[in-house]
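Engineer: Here you go, sequence then predicted model.
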Amino acid sequence: MGNRYEIDWDAYARTARMAAAEGAVLLKNDAKVLPLKEGERLAVFGRIQFDYYKSGTGSGGMINTRYVVGILDALKEEKLVLNRELEQIYRDWIGENPFEQGGGWAQEPWSQQEMPLSSEIVAHAAAESDTALVIIGRTAGEDRDAKNDRGSYYLSEEEEGMLEQVCRAFDRVVVALNVGSIIDMNWVNTYNPQAVLYVWQGGMEGGHAVADILMGRVNPCGRLADTIAASVADYPSDANFGGSKGNRYEEDIYVGYRYFETFASAREKVLYPFGFGLSYTSFAVSCNMEAEENGCLFHVCVKNTGTYAGKNVVQVYAGAPQGKLGKPSRVLTGFAKTRCLAPGEEQELDIRVEKMSLASYDDSGITGNKSCYVLEAGEYSFYVGGDVRSAEPVGTMKVEETEVLSKCTEALAPVEEYDRFKPVQGENGTLTLSREKTPTRTYSMAQRSREDVKPELPYTGDRGFRLEDVLDGRISMDTFMAQLSDAELCCIVRGEGMCSPKVTPGTAAAFGGVTKALAGYGIPCGCCADGPSGIRMDCGTYAFCLPNGTCLACSYNEELVEQLYELEGAELRKNRIDILLGPGMNIHRHPLNGRNFEYFSEDPLLTGRMAAAQIRGMGRYQVTGALKHFAANNQEYNRSKYNSVVSERALREIYLKGFEIAVKESGAYAIMTTYGAVNGIWTAGNYDLLTTILRKEWNYDGLVMTDWWAMINDEGETATIKNVAAMVRSQNDVYMVTQDSEKNSNQDNLEECLANGTLKRSDLSVCAGNILSVLMRSPAMARSLGRLSQEELDAFAALSEEDCVTADLDWYSLKTKLTLDGKGIDTARGKSFMCGLQDGEKRSYIIRLRVRINASELAQVPISVFVNGTLQGTLTLNSTNGEYTQVELTSWAITNAHNYLKLYFAESGAQIDTLEIEAGPVSKE
């Protein structure tokens with residue numbers, strides 16, 4: 001066997017390519033226009049053939065890749081006759097209408113200007129080609145929701161014009177949607193293309209995956225992870241989305257298909273139901289249901305009855321009795337995917353559904369069991385099939401008396417009064433939409449937190465113990481932590497970043513041993529890097545870009561996703577990164593949420609299973625991902641000040657359920673909270689979220705971190721980044737991020753609260769213990785102790801950097817100070833500025849930039865500084881509100897007479913006025 005730490009990049013590419021292909025969803029295939037045939041003459045329309053969206057925008061999309069395979073790139077590798085004349089027309093037009101990057105962080109447009117088509121161009125292409133492929137692209141992302149406008153959720157006028165002309169001129173039209181999440185689909189009925197395919201944002205191998213589908217090497221086997229309705233206004237959350245201060249989740253548990261399949265008036269609004277997807281072949285599905293003590297077991301036989309080999313997804317839904325609580329008509333309770341079946345081949349699948357997945361949470365006490373998961377008396381019906389609407393009944397389960405499956409503690413209930421959805425059953429059995437009062441909180445969360453008294457660890461001072469002693473079982477964790485002073489405990493709960501020089505260059509944060517004193521106890525620095533679709537390293541280091549979350553969810557293939565993230569785990573290990581900041585797993589509550597591309601689905605079971613698969617995969621290399629954003633991060637607009645007003649039942653059954661599944665099924669040990677609030681308390685300091693539910697009910701024993709520069713509050717008070725004491729009391733363990741933890745550069749209130757008694761040393765000790773426990777199970781610990789295996793040492797390679805470019809380089813003599821006009825520096829994403837410095841002395845450089853950032857408050861615009869190809873540091877800038885400000889960085893000592901300075905811009909948005917380079921003192925070494 002080979003060295004497991006040596007990454008097989010070809011296998012990585014093949015696995016990512018297959019995952020992207022299996023996530024593609026075929027919505028229409030009239031006259032079997034797909035798959036394409038070898039030798040078929042193909043005309044490709046749409047500028048996105050040249051500008052493929054590999055991912056969405058923001059921290060989840062800032063991945064430096066060595067290549068990206070677009071759809072046209074991949075089609076050129078096939079035995080097709082492409083219309084090169086049409087391609088050249090597009091190339092000429094794009095030369096005058098280049099891809100618009102936008103003005104920086106969260107400024108990239110949702111779509112690109114489309115080339116106007118004349119009837120002559122289309123007619124000529126139709127005369128020369130058999131089939132047309134129309135490619136339409138969309139993006140959105142962090143800090144930027146999509147809009148209910150043309151060019152975002154809806155097609156632009158130019159795109160509609162393209163479809164109208166192409167569908168009129170061609171008899172065979174295929175439309176491929178290179179998008180992060182669902183968009184309006186009414187145009188399908190208007191223009192009637194023969195085939196429609198969601199190909200999502202497939203990462204750097206996405207173009208190859210699309211070609212595999214189009215050519216039939218992979219039979220479409222993706223299924224929708226969301227319901228596609230006729231209008232944005234049809235989604236039950238639409239009336240309560242986009243608020244500047246917050247939104248009431250009046251739809252309650254009736255999210256996505258739970259709404260559309262329950263209420264009679266909503267069913268007709270569905271264009272494509274949840275779980276829907278076509279194949280080039282056909283399948284016969286039969287099922288035998290077997291009752292078990294804790295649920296049901298479904299023995300499903302799937303047979304390929306068509307002429308193409310392919311995979312099928314089997315979905316199991318349950319319909320519970322309405323009872324006193326009211327429930328959705330159907331809920332996904334299990335799913336499985338077959339292997340690739342040859343024509344005539346069949347496979348037996350066993351899908352187990354436990355009673356707990358059928359339970360409802362009683363947050364009002366109407367069943368007589370307040371704050372409990374209950375199985376109300378009545379008949380439970382089960383359905384098996386290919387989507388939520390076409391699934392056929394296969395059996396029932398009778399519950400004679402209401403059963404209590406789990407007793408909980410009331411937690412996270414709203415304080416604001418409002419009405420929520422509830423079904424009312426008519427005489428004919430149909431359900432109509434009514435409303436009921438939402439139960440509000442009946443206790444004081446602040447008092448609950450105060451009463452949670454943690455045992456004190458009296459300070460002993462340094463007794464010579466090191467963290468290695470805890471790892472090797474020589475002392476207890478309490479004995480070790482008792483050595484840490486109050487000041488050291490304050491430092492350990494502050495993560496440093498972004499782009500801390502204490503960990504892998506260009507990454508998001510260092511945590512743990514961030515000061516000399518902490519490092520002196522043998523506490524290593526753990527490293528976090530943005531994800532979830534790949535590793536973000538702002539210094540320019542290359543990484544692999546994976547398919548987006550929606551695409552992976554649509555694959556319904558847990559095994560494949562686990563295999564893919566095992567390879568991601570190997571890449572994390574290679575780059576000495578301990579925690580990937582992902583998977584993103586918030587519910588697709590509304591189709592316009594900008595980060596839907598990172599998240600999986602409107603369904604919590606599918607979300608939880610996909611996230612668990614990723615964590616298990618990475619775990620094979622002893623690294624992990626941080627489940628985010630915990631919880632209810634369902635819009636990007638004004639996200640740091642946004643309050644989700646939501647019932648306890650909806651939280652437990654919908655918005656927390658995916659996290660619960662991932663924690664319990666994968667052993668996750670890192671979680672990130674959100675920027676905003678749930679029911680008035682910002683999640684970064686929400687005791688009930690992080691202690692009552694997460695740690696006490698779910699028995700979570702890992703680390704929790706804030707999102708970067710998150711605000712925190714005590715109930716009834718204004719949220720601020722300085723209230724880190726509230727974070728610690730809630731058992732959120734690490735504040736992300738500060739520039740210097742020892743100097744308390746964020747000026748947080750930890751020392752102040754220790755002094756006035758509102759924060760105890762024991763509170764800090766609990767968080768410190770959580771941090772240290774995670775570090776001990778991370779590769780950071782083995783690295784710090786020199787305990788890496790020889791196999792890993794042999795495989796480890798230095799982080800790659802872009803080569804220094806010396807041709808046509810401007811050289812400057814540096815004796816004291818040099819000031820350059822920065823207005824001509826191209827600061828677009830991915831661009832670099834380089835110059836040569838002649839200096840015969842061994843000294844450091846001080847690099848100063850007078851710069852401004854026009855972006856939102858939480859923008860992240862990194863500028864990395866390299867000298868002779870070695871990263872000196874990264875300046876990560878937030879908004880300057882349009883005003884110029886000066887930032888500086890001091891380089892390491894330089895030994896060459898001729899040196900190269902490079903600035904690398906991982907994100908656009910910076911405007912540089914001047915670049916100043918000052919020679920530091922001559923080194924005496």
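Structural biologist: Good, I have the coordinates.
Engineer: and L349, which of the three is it?
Structural biologist: Three-state assignment for L349 (DSSP: H, G, I helix; E, B strand; the rest coil): strand.
Engineer: Need the per-residue pLDDT for it.
Structural biologist: Per-residue pLDDT puts L349 at 98.
Engineer: burial measure for it, as a count.
Structural biologist: The local packing of L349 (other CB atoms under 10 Å) involves 19 other residues. The way it works is simple: take the backbone N, C-alpha and C, and place the C-beta from them, glycine included.
Engineer: Look up phi and psi at V353.
Structural biologist: Main-chain dihedrals, V353, degrees, to the nearest 10: phi -120, psi 120.
Engineer: Using the three-state scheme, assign the closest residue in space to W9 that isn't next to it in sequence.
Structural biologist: Nearest non-adjacent residue to W9, counting by CB to CB, 6 or more residues apart in numbering: F544, 7.8 Å away. Following three-state DSSP, F544 is assigned to coil.
Engineer: Am I right that F544 is in contact with S533?
Structural biologist: No: contact criterion CB atoms under 8 Å: F544 and S533 do not qualify, at 9.4 Å.
Engineer: quick one, which of these two is more surrounded?
Structural biologist: Using other CB under 10 Å as the criterion, F544 and S533 rank with S533 on top: 32 against 22.
Engineer: got a list of what the closest residue to A768 other than its chain neighbours touches?
Structural biologist: With sequence-adjacent residues excluded and distances taken as CB to CB, 6+ apart, A768 is closest to I492, at 5.1 Å. I492 sits next to 484, 512, 514, 518, 523, 741, 764, 767-768, 771 when contact means CB atoms under 8 Å, 6 or more residues apart in numbering.
Engineer: could you pull out the helices for the stretch 201-350 of the chain?
Structural biologist: Counting by DSSP state H, counting those that start in this stretch, the stretch 201-350 of the chain has helices at residues 206-215, 257-260, 264-267.
Engineer: The first one packs against which elements?
Structural biologist: The reference is to helix 206-215. Counting contacts by 3 or more CB pairs under 8 Å, 6 or more residues apart in numbering; DSSP states H and E, helix 206-215 packs against helix 9-23, helix 71-75, strand 173-178.
Engineer: can you tell which of those is closest to P343?
Structural biologist: helix 9-23 (19.2 Å; CB to CB).
Engineer: and the closest one, C-alpha only, in PDB?
Structural biologist: C-alpha atoms of helix 9-23 as PDB (Å, rounded to 0.1, in the frame of the first residue of the first chain):
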ATOM      1  CA  TRP A   9      -4.900  14.300  -6.900                       C
ATOM      2  CA  ASP A  10      -6.300  12.300  -9.800                       C
ATOM      3  CA  ALA A  11      -8.500  10.300  -7.400                       C
ATOM      4  CA  TYR A  12      -9.500  13.600  -5.800                       C
ATOM      5  CA  ALA A  13     -10.600  15.000  -9.100                       C
ATOM      6  CA  ARG A  14     -12.400  11.800 -10.100                       C
ATOM      7  CA  THR A  15     -14.300  11.700  -6.800                       C
ATOM      8  CA  ALA A  16     -15.300  15.400  -7.000                       C
ATOM      9  CA  ARG A  17     -16.300  15.000 -10.600                       C
ATOM     10  CA  MET A  18     -18.600  12.100  -9.700                       C
ATOM     11  CA  ALA A  19     -20.100  13.900  -6.800                       C
ATOM     12  CA  ALA A  20     -20.900  16.900  -9.000                       C
ATOM     13  CA  ALA A  21     -22.400  14.600 -11.700                       C
ATOM     14  CA  GLU A  22     -24.500  12.700  -9.200                       C
ATOM     15  CA  GLY A  23     -25.800  16.000  -7.800                       C
END
